[in-house]
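*Asks:* The following block contains a protein sequence and its predicted model.
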Amino acid sequence: MTRELVSVVVPVYFNAESLPRLAARLRAVADAADHDLEVVFVDDGSRDGSWDRIVEITRAWPAARGVRLTRNFGSQMAIVAGLAEAKGAAAAVLSADLQEPPELLPEMVAAWRRGATAVLAVRRSRPEGWTARAASGLYYRILQRLAFAEMPAGGFDCFLIGRSAIDFLVEGGETNTSLPGLLLWAGFPVALVPYDRVAREEGESRWTFGKKLKFFVDSVIAFTYAPLRWMSLAGAVLALLAFAYAAFLIAYKLIHDQPIQGWTSLMVALTFFSGVQLLSLGVLGEYLWRTLDAARARKRFLVRERTNQ
């Protein structure tokens, strides 16, 4: 009887230190599994020797393959590149920093076999301080409110998906988007696997505040028109207030035969309304830029070289 093949996609960005330990733990999982396992390491433009480590790992482990992108395209596109290379009936996405333990894979495969097309590894706890946990909780609550009502409270980065979901993510043309958001939007049967996130032991996170902010904006703009609606409502409310204030000024001039004095209040009002206008243009520009980017239809990533093909 032919054993199932399950792929594991690992986006790599400055993870040279953790890759050997990750590979060793994945090999242990593969040895104990009742299915075949292949691992696709995707080097997303690292400059710390990650690709050399990947080459070493794939030489010693025929079930592992390496894909090196021409530059840094971002973690989302690195994952898509790995999914495009995956040959399995299902594919899991796992971080390279070992904060999501590879030992989750058997439980995720079991949930997939029970009928879930998307198995989401949901963080039950995380090792960061209370400020980071509070900010993360607020981040995901806002996403739930604005775009994804089905988003788990702790969010998710690690997941396993079946072939239909793999094809959906690979064949889609969106660049500035959220893969977790696309999975929730698609409406696939979902199963949740809770886990405790582990503290990073090696290297430092490259998931900077700027990248987090861009990912948040991408997630919101790709799946909701709420910011545009808010700007429309704000414009309508401010216009009504301005008309009412103008009527008040005209009436005051007619009744008292003198204008209301106040250069400071005039400047405050002018700068406030100018700020609102610029904010509205910025929100509109975010949507227009993404429309332009989609219309250009450029490749979402480019592969420089591969190993074990």
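*Replies:* Ah, there it is. Numbering: from 1, shown residues only.

*Asks:* can you give me the helices in the stretch 101-250 of the chain?
*Replies:* Secondary structure of the stretch 101-250 of the chain (DSSP state H, counting those that start in this stretch): helices located at 105-113, 130-146, 163-171, 179-186, 209-223, 226-256.

*Asks:* for these, which one sits closest to residue 84?
*Replies:* helix 163-171 (4.9 Å; C-beta to C-beta). (Glycine included, C-beta is placed from N, CA and C.)

*Asks:* For that closest one, which helices and strands make contact with it?
*Replies:* helix 75-85, strand 90-93, helix 179-186 (3 or more C-beta pairs under 8 Å, 6 or more residues apart in numbering; DSSP states H and E).

*Asks:* Pick out the residue nearest the middle of the protein.
*Replies:* What sits nearest the mean C-alpha location of the chain, by C-alpha atoms, centre = their mean, is residue 178, with 4.2 Å.

*Asks:* Next one: the closest residue to it other than its chain neighbours relative to residue 142, how far apart?
*Replies:* Excluding the flanking residues, the one nearest residue 178 by C-beta to C-beta, 6 or more residues apart in numbering is residue 219, at 4.1 Å. Residue 219 sits at a distance of 10 Å from residue 142 (criterion: C-beta to C-beta, to the nearest Å).

*Asks:* same check, this time on residue 269
*Replies:* Computed as C-beta to C-beta, the residue 269 to residue 142 distance reads 30 Å.

*Asks:* now residue 178
*Replies:* Taken as C-beta to C-beta, the spacing of residue 178 relative to residue 142 amounts to 13 Å.

*Asks:* Kindly report the same for residue 274.
*Replies:* In this view, residue 274 and residue 142 are 27 Å apart by C-beta to C-beta.

*Asks:* between those two, which one's more packed in?
*Replies:* Between residue 274 and residue 142, counted using other C-beta atoms under 10 Å, residue 142 has the larger neighbour count: 14 against 10.

*Asks:* okay, the more buried one: pLDDT?
*Replies:* pLDDT for residue 142: 79.

*Asks:* That one: what's it in contact with?
*Replies:* By C-beta atoms under 8 Å, 6 or more residues apart in numbering, residue 142 lies in contact with residue 216.

*Asks:* cool, residue 9 as well?
*Replies:* Contacts of residue 9 (C-beta under 8 Å, 6+ apart): 40, 42, 79, 82-83, 85-86, 91-94.

*Asks:* Pretty sure it sits in a strand.
*Replies:* Yes. Under DSSP: H, G, I helix; E, B strand; the rest coil, residue 9 sits within a strand.

*Asks:* Please name the nearest non-neighbouring residue to it.
*Replies:* Leaving aside its sequence neighbours, residue 9 is closest to residue 82 (3.3 Å, by C-beta to C-beta, 6+ apart).

*Asks:* To what extent is that neighbour buried, counted in neighbours?
*Replies:* Applying other C-beta under 10 Å, I find that residue 82 has 26 neighbouring residues.

*Asks:* Does it touch residue 67 like I think?
*Replies:* Yes. The criterion here is C-beta atoms under 8 Å, and residue 82 meets it with residue 67 at 6.5 Å.

*Asks:* Mind listing the shared neighbours of these two?
*Replies:* 40-42.

*Asks:* Which ChimeraX command selects the buried ones in these?
*Replies:* Buried residues among the shared contacts of residue 82 and residue 67 (16 or more other C-beta atoms under 10 Å), as a ChimeraX selection:
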select :40,41,42
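
*Asks:* From the shared contacts of residue 82 and residue 67, which land in strands?
*Replies:* 40-42 (DSSP state E).

*Asks:* Take the helices of the stretch 101-250 of the chain and lay them out in TSV including distance to residue 301.
*Replies:* Formatted as TSV, the helices of the stretch 101-250 of the chain follow (distance: least, C-beta to C-beta, whole Å):
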stretch	distance to residue 301
helix 105-113	25
helix 130-146	25
helix 163-171	11
helix 179-186	13
helix 209-223	16
helix 226-256	28
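
*Asks:* wait, which of the ones you listed is closest to residue 4?
*Replies:* For the helices of the stretch 101-250 of the chain, the distance to residue 4 is smallest for helix 105-113, at 8.3 Å, taking C-beta to C-beta.

*Asks:* list the helices and strands that closest one packs on?
*Replies:* Packing partners of helix 105-113 (3+ C-beta pairs under 8 Å, 6+ apart): strand 5-12, helix 19-32, strand 90-93, strand 118-125, strand 158-162, strand 190-196.

*Asks:* Next, the angle strand 5-12 makes with that helix.
*Replies:* Counting by axes from the mean of the first three to the mean of the last three C-alpha atoms, to 10 degrees, helix 105-113 lies at 120 degrees to strand 5-12.

*Asks:* re the thing from before, redo the helices and strands packed on helix 105-113 as TSV? Include mean pLDDT and distance to residue 47.
*Replies:* Shown next, in TSV, are these (pLDDT from 0 to 100; distance: least, C-beta to C-beta, whole Å):
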stretch	mean pLDDT	distance to residue 47
strand 5-12	96	12
helix 19-32	94	15
strand 90-93	96	23
strand 118-125	88	29
strand 158-162	94	25
strand 190-196	91	31
